[in-house]
Structure formats: structure tokens, C-alpha cells
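J.: All I have is the shape, not the residue letters:
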């Protein structure tokens, strides 16, 4: 929420790090938020300038500790990738470039009205995406907007996907999940779980190949020993 009433912890810069509110509406929303953040962090891991975060208090009025917003997911390409306790807009030197909100029954009005206006007017968000994973509250259930001067304009879908100029990726629905696709390769950006599974499969294949190779070596060694015995027997006769 934009103006919470309870603060639970102060950071070293004396601005609160928590507003005492639950970070997600449901397990689905929480898990999806974590997956999106982790996926984007892995994708941009080689670029030290790109900051990916979410559910972090963003303050946009200097000196006012009660006015803040906590986007579910946000990306800023130029401020440096290092841990933060909160995000002070005036210290970072710019607005949030990409924001993704996972909307729900209790947040839909705020997401499409209050936050919408805040993101376009004060936070200078370049791209704003709204995703309703259950397709119950938002129509259409996946929306994207790009800043044009002082307004948001709907992002036109390409093959059912919403292209992000900032991320260089396309966003698409997959059931209750929101996925990223690399338009250059045409492949989906893997989630951390998929990366782990892929690496484990590679390890298994390497181990299987190694086991097969070891078995082949043992077979060849047996054949060599058998030939040696035969040669030794022939020489003795």
C-alpha cells in the first residue's frame, strides 16, 4: 500500500524497511513473485548495473517516511546491483524502469488506479505490467503499459506476448505463471528451478557417459589380458 500506518523496523538510513503488512495475497502470488525476481536476477547476473528487486519499500518523497510503495517486482538497469534495505528514489537518481504487479481481489483497484497514477506521474515508470494469475479480477488478465511522454500507452501484443523494450524480453502467460522469453533465441528464460534441473540432467548424462566409458575400458583390459594369456600359452608350447 502507498500510505501504511505501522512501521516495524528501521534501516541504517533511518527509513523503515517494513510496513507490517503481508507481502502477498496468496501462496500463488508469493511464489510467483519470488520466481519472477529470481529469474530476472539470474538473467541479468552478468550485468553489475542492473538492479532487480520486489516487495521492497520505495520512498519517493524526501523526508516523508510514511509515503512509500512496494512493487511486487521492479527493475532499474543503471543503479547498480547490490543489496538494499529500502529504495530512496532521490538517492538512486531516477525512477523505476519496469514494474510488475501481481494483482488480486484486494489490490486490483489500487493497482489499476492509485498505483497506476503514481507510477506514471511521480515514479516515472517506463513500463508497467499487471498480471492476474487466476484470471478472476482483471480484464484482460494480463496488461502492459509503456510510458509515452507523461502518459501510459497500452503495449501491443506480439504473437500473444508483450514485448519489453527495457528488459529486451517478451512477457507471456503460461497458465497461472508469468514467463519471460528471449526474442533473439525464441527460447523461454529458465527459472532457477529449471536451471537446477537442467544442470542435474547434464550431470547425470556425464556420469552415465563416464560409467559407460569405464565399463568399456574394463572390457578392453579384460580382452587384452585374455590375449596376453593366449600368447603366453602359445609361446610356452
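T.: Alright, I've got the coordinates. These numbers come from a predicted model, not from an experiment. Numbering: from 1, shown residues only.

J.: so what does the longest helix anywhere in the chain touch, helix or strand wise?
T.: Counting residues, the longest helix in the chain under DSSP state H turns out to be helix 192-236. For helix 192-236, the contact count by 3 or more Cβ pairs under 8 Å, 6 or more residues apart in numbering; DSSP states H and E identifies helix 27-43 as packing neighbours. Every residue, glycine included, has its C-beta placed from N, CA and C.

J.: Could you tell me the average pLDDT over the helix it packs on, please?
T.: Across helix 27-43, pLDDT averages out at 96.

J.: Which strands and helices lie in contact with the next helix or strand along the chain from that helix?
T.: The element immediately downstream of helix 27-43 (helix or strand, assigned by DSSP states H and E) is strand 51-53. Applying 3+ Cβ pairs under 8 Å, 6+ apart, we find strand 51-53 packed against helix 27-43, strand 73-76.

J.: And the helix or strand following the last one, what does it pack against?
T.: What that stands for is strand 73-76. The C-terminal neighbour of strand 73-76 among helices and strands, as given by DSSP H and E, is strand 87-88. With contacts defined as 3+ Cβ pairs under 8 Å, 6+ apart, strand 87-88 has these neighbours: strand 58-59.

J.: Now do the strand it packs on: everything it contacts.
T.: Contact with strand 58-59 is made by 15, 65, 67-71, 74, 86-89, 96, 123, as judged by Cβ atoms under 8 Å, 6 or more residues apart in numbering.

J.: quick one: low-confidence parts of the chain?
T.: Low-confidence segments of the chain (pLDDT under 70): 1-12, 22-24, 235-237.

J.: mind redoing it with 90?
T.: Scanning the chain for pLDDT under 90 picks out 1-14, 18-26, 93-95, 104-112, 121-122, 124, 136-137, 149-150, 196, 198-237.

J.: ok, how many other residues are close to residue 19?
T.: Number of residues near residue 19 (other Cβ atoms under 10 Å) recorded here: 18.

J.: these two touch, right, it and residue 57?
T.: Yes: assessed by Cβ atoms under 8 Å, residue 19 is found in contact with residue 57 at 6.7 Å.

J.: What lies in contact with stretch 73-84?
T.: With Cβ under 8 Å, 6+ apart as the test, stretch 73-84 has contacts from 33, 36-37, 40, 44, 47-54, 56, 58, 92-94, 96-102, 166-167.

J.: Please spell out which residues along that stretch are buried.
T.: Residues of stretch 73-84 classed as buried by neighbour count (16 or more other Cβ atoms under 10 Å): 73, 74, 75, 76, 77, 79, 81, 84.
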